[in-house]
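S.K.: Sequence plus predicted model, see below.
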Amino acid sequence: MPAGQANAIGSRPSETEAYDVVIVGAGFAGMYMLHRLRGLGLSAKVFEQGGGVGGTWYWNRYPGARCDVESMQYSYSFSEDLQQEWVWSERYAPQPEILRYANHVADRFDLRSDIQFDTRVERAVFDERARDWSVTIAGGKTVRAQFVVLATGCLSNARMPDFKGLSDFAGEVYHTGHWPHQPVDFTGKRVAVIGTGSSGIQSIPIIAEQASQLTVFQRTPNFSVPARNAPLSSQERDFFRTNYDEIRRKAREEMRNGIYQELPEKGALEESAAERNARYGARWEKGGLTFTATYNNIALDKAANDTAADFVRARIAEIVKDPEVAKLLQPNDHPIGSKRICVDTDYYATYNRANVKLVDVKANPIEQILPHGLQAGGVTYDFDALVLATGFDAMTGSVARIDIRGRAGQTLNAKWEAGPRTYLGLMSEGFPNLFVITGPGSPSVLSNMIVSIEQHVDWIADCLDYMRANDLDSMEATRAAEDNWVAHVNEVAHGTLYPQANSWYMGANVPGKPRIFMPYIGGVGVYRRICSDVAAKGYEGFTMTTAAPVQRVAASS
Ligand code: FAD
Ligand code: NAP
């Protein structure tokens, strides 16, 4: 429905630009949300601050960027034709291919006509009388929408560290999460990389091949397992294509992390050391994230976890020739898997190269960036280009950058000051008709995110359809439902080893950010059933109002 002719849900005065739904962000979440809403005959507008679709894959163009969930699974399932026809080239597709896929989806489903690029959403204010949102975009223009969906991404707010002297650096500075669109050539250059999370670990081996000298500044080592990336054979593709129904069903319903895989039957301590070694060895050879699913208690039992961590530490010692460097690369400060493990190609072996040096900036913190290098622990390191692989203000960062005001003028930032509070990760009390996709309190970043994105989009679309059918115009989480959910999310998290790590899941990478375990660790299957059950019970835990007069029709929790 074109702008100005919206109002398919409830009744609102017609304005020049009014939509049933404004969607913020055109990554995989925003794109699919738009597609579903169109299918319902609702008018929707997407605002995207970037110049194209793809979100994560539009911004993260650093060398070596690729997915860590296998592409046959890290892809949309909503269209049978799409999943049968798209040809993934490798087990883990590289960033340019994933971006091509996002563009293909935009073209195939004709999404671009309702997406406005290069447009940041700055502000969203709820109008309690009209029961709709006034959304302000960069430049000051305002549009109205009955619903707002934040598809702003969990890893979309790249975090620039506040090093003294950073702006004085004379060479180029790059952030992996905000990489230039033109290829960057490090040939013959002395390069520094700060950060050894997934982005650093993917880019370091490639940069090392180009640079004359690479210095890696590591504060905390991470566990990384080999990707064993390779071209996909037609037999491998056919296996998925023939069995997609069952594979996708299992990923959604039976797996904790939304990745179809062989599930372990045993705990790590139920087998002998030799049996464990053989089993870890087989998973290590197979490669990929499923390493931490070798046994069913690695995330739960520290002694079990230690067996997996010891195995990886031993592999690092085997691969890296210099024992001092190997020791520095061995993580010891967190249980394996309590930070997202990294999936690499030749990461550890890269430290055997003569042109690569590892500097421990935990023992000797970075003091300042200099015009031609940096100083750490009183030592000066010279380089021509600086790569910041320093991560993101995750899960809440992009939401916090929008000035969101709900009922009684309350800001979402004020409400979330001590940590994000949501019901099901989908809505926050006091902010009617505002949905978050893969928000804090949902499995989100602990899962194959396309599985979680599709589940949220479908739930929201079904909910809006229900509201239209029942002549309802506003919806809000109740305080009681939200309190119960927040308590449940915390309780489940603290039954695992995850909160033991200083991870971005905990907000620990951002100084001053509250330490709360943000995602829901109960598993995507369990979570899906909870969400479906809530919907089946007439959206239990949400308050809904009819178009007019205001009347409470469902207010259980
Ligand atoms: P995003 O892709 O982040 O898109 C959000 C969009 O919203 C962005 O384009 C942003 O510009 C826009 N936006 C934000 N705020 C505003 C605003 N105020 N106004 C306008 N636009 C705004 N997950 C996996 O499951 N498997 C993987 O292999 C995997 N690999 C990853 C690799 C990297 C390098 C990174 C950083 C993340 C990876 N992830 C992976 C997580 C990844 O973010 C998700 O899989 C998924 O792409 C998220 O899609 P999204 O649409 O929710 O968010
Ligand atoms: P990250 O995991 O948060 O890693 C950031 C790194 O920068 C850490 O090593 C951190 O050290 C370091 N750092 C930050 N500030 C620093 C400072 N002031 N001084 C020194 N070191 C500093 O970020 P990321 O690597 O971008 O990954 C974020 C998430 O994105 C991943 O966990 C994953 O979910 C996703 N991702 C996935 C892939 C993939 O394989 N498909 C690739 C990239 C990203 P500390 O640990 O000490 O803080």
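M.R.: Yep, it's here. Ligands and ions are numbered 1, 2, ... in the order given.
S.K.: so Ile530 touches Gly425, yeah?
M.R.: No. With contacts defined as CB atoms under 8 Å, Ile530 does not count as touching Gly425, sitting 10.6 Å away. C-beta coordinates here come from the backbone N, C-alpha and C atoms, glycine included.
S.K.: Looking at these two, which is more packed in?
M.R.: Gly425 (27 against 15; other CB atoms under 10 Å).
S.K.: How about that one: what's its closest non-neighbour residue?
M.R.: Excluding its sequence neighbours, the residue lying closest to Gly425 (CB to CB, 6 or more residues apart in numbering) is Ser442, at 2.7 Å.
S.K.: which element is the one you found on?
M.R.: Ser442 belongs to no helix or strand when elements are defined using DSSP states H and E.
S.K.: what's it in contact with, if anything?
M.R.: 422, 424-426, 452, 456, 519-520, 527 (CB atoms under 8 Å, 6 or more residues apart in numbering).
S.K.: Gln210 now?
M.R.: Applying CB under 8 Å, 6+ apart to Gln210 gives the contacts 63, 185-187, 189, 191.
S.K.: between those, which is closest to ligand 1?
M.R.: Pro63 (11.8 Å; CB to the nearest ligand atom).
S.K.: For that closest one, which non-adjacent residue is spatially closest?
M.R.: Spatial nearest neighbour of Pro63, chain neighbours left out: Ile206 (3.9 Å); criterion: CB to CB, 6+ apart.
S.K.: hang on, that neighbour is in a helix, isn't it?
M.R.: Yes. Under DSSP: H, G, I helix; E, B strand; the rest coil, Ile206 sits within a helix.
S.K.: State the distance from it to Thr350.
M.R.: 9 Å (CB to CB, to the nearest Å).
S.K.: which of those two has more neighbours?
M.R.: Each of Ile206 and Thr350 has its neighbours counted (other CB under 10 Å); Thr350 has more, 23 against 17.
S.K.: Contact partners for the more buried one?
M.R.: 204-205, 208, 356.
S.K.: Most neighbours of all the residues you listed, which one?
M.R.: Most surrounded of the contacts of Thr350: other CB under 10 Å gives Ile204, at 29 neighbours.
S.K.: tell me the helices in the stretch 151-300 of the chain, going along the chain?
M.R.: 198-210, 234-253, 273-286 (DSSP state H, counting those that start in this stretch).
S.K.: Does Met506 touch Met518 like I think?
M.R.: Yes. With contact defined as CB under 8 Å, Met506 counts as touching Met518 (7.4 Å).
S.K.: Same drill for these two, tell me which one is more crowded.
M.R.: Using other CB under 10 Å as the criterion, Met506 and Met518 rank with Met518 on top: 29 against 22.
S.K.: re earlier: return the member of the contacts of Ser442 nearest to Ile115.
M.R.: His456 (18.9 Å; CB to CB).
S.K.: How many residues are close by the closest one?
M.R.: Counted with other CB under 10 Å, residues neighbouring His456 total 27.
S.K.: ok, now the one 3 residues further on?
M.R.: Trp459 has 19 neighbouring residues, counting by other CB under 10 Å.
S.K.: and the nearest residue to it once chain neighbours are set aside, what does it touch?
M.R.: Excluding the flanking residues, the one nearest Trp459 by CB to CB, 6+ apart is Cys531, at 5.4 Å. Counting by CB under 8 Å, 6+ apart, Cys531 touches 424, 426, 455, 459.
S.K.: of the residues you listed, closest to Gly267?
M.R.: The shortest gap between Gly267 and any of those belongs to Gln455, at 29.0 Å (CB to CB).
S.K.: and that closest one, what element?
M.R.: Assigned by DSSP H and E, Gln455 belongs to helix 449-469.
S.K.: I'd like to know which elements that helix is packed against.
M.R.: The contact analysis (3 or more CB pairs under 8 Å, 6 or more residues apart in numbering; DSSP states H and E) places helix 449-469 against helix 28-39, helix 234-253, strand 472-477, helix 524-536.
S.K.: and that helix, is it in reach of ligand 2?
M.R.: No. Helix 449-469 does not reach ligand 2 (CB under 6 Å from any ligand atom); its nearest approach is 8.7 Å.
S.K.: how far out from the middle of the chain is that helix?
M.R.: On the basis of CA atoms, centre = their mean, to the nearest Å, helix 449-469 sits 18 Å off its chain's mean C-alpha point.
S.K.: One more: stretch 95-112?
M.R.: In this view, stretch 95-112 has its centroid 19 Å away from the chain centroid, taken as CA atoms, centre = their mean.
S.K.: Can that stretch be said to contact ligand 1?
M.R.: No. Against ligand 1, stretch 95-112 shows no contacts by CB under 6 Å from any ligand atom, the least distance being 7.5 Å.
S.K.: cool, stretch 345-353 as well?
M.R.: No. If you take CB under 6 Å from any ligand atom as the test, stretch 345-353 misses ligand 1, and the best it gets is 13.9 Å.
S.K.: how about the residues of this protein that lie near ligand 1?
M.R.: Close to ligand 1, as judged by CB under 6 Å from any ligand atom, the chain has residues 24-30, 47-50, 55-56, 58, 60, 65, 67-69, 74, 120-121, 151-156, 199, 398, 402, 437-438, 448-449, 453.
S.K.: Could you rerun that using 5 Å?
M.R.: 24-25, 27-29, 47-50, 55-56, 60, 67-69, 120-121, 152-153, 155-156, 398, 402, 448-449 (CB under 5 Å from any ligand atom).
S.K.: Which of those residues fall within strands?
M.R.: 24, 47, 121 (DSSP state E).
S.K.: for these, which one is nearest Glu540?
M.R.: Val24 (27.1 Å).
S.K.: what about that closest one, neighbour count?
M.R.: For Val24, the tally of surrounding residues (other CB under 10 Å) stands at 29.
S.K.: going forward, begin numbering at 9 instead of 1
M.R.: Done: numbering now begins at 9, and the last item shifts to Val32.
S.K.: That one against Lys53, yeah?
M.R.: No. Look at Val32 against Lys53 with CB under 8 Å: they stay out of range, at 9.9 Å.
S.K.: one step back: in CSV: the contacts of Cys539, plus pLDDT and distance to Gly295.
M.R.: CSV is the format used below for these (pLDDT from 0 to 100; distance: CB to CB, whole Å):
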residue, pLDDT, distance to Gly295
Leu432, 98, 34
Leu434, 98, 34
Gln463, 98, 27
Trp467, 98, 33
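S.K.: quick one: which of these is nearest to ligand 2?
M.R.: Ligand 2 has its nearest neighbour among the contacts of Cys539 in Gln463, at 18.3 Å by CB to the nearest ligand atom.
S.K.: what pLDDT does the closest residue in space to that closest one that isn't next to it in sequence get?
M.R.: Counting by CB to CB, 6+ apart, Arg536 is the residue found nearest to Gln463 once chain neighbours are left out, at 5.6 Å. Per-residue pLDDT puts Arg536 at 98.
S.K.: ok, now which ones touch Arg536?
M.R.: Going by CB under 8 Å, 6+ apart, Arg536 touches 260-261, 463.
S.K.: residues from the stretch 459-565 of the chain in reach of ligand 2?
M.R.: So the stretch 459-565 of the chain meets ligand 2 at 512, 517 (CB under 5 Å from any ligand atom).
S.K.: Show me which of the contacts of Ser450 is closest to ligand 2.
M.R.: Distance to ligand 2 across the contacts of Ser450 (CB to the nearest ligand atom) is lowest for Pro527, with 10.8 Å.
S.K.: So the closest one sits against Met457, correct?
M.R.: No. Pro527 sits out of contact with Met457 when judged by CB under 8 Å, with a separation of 10.6 Å.
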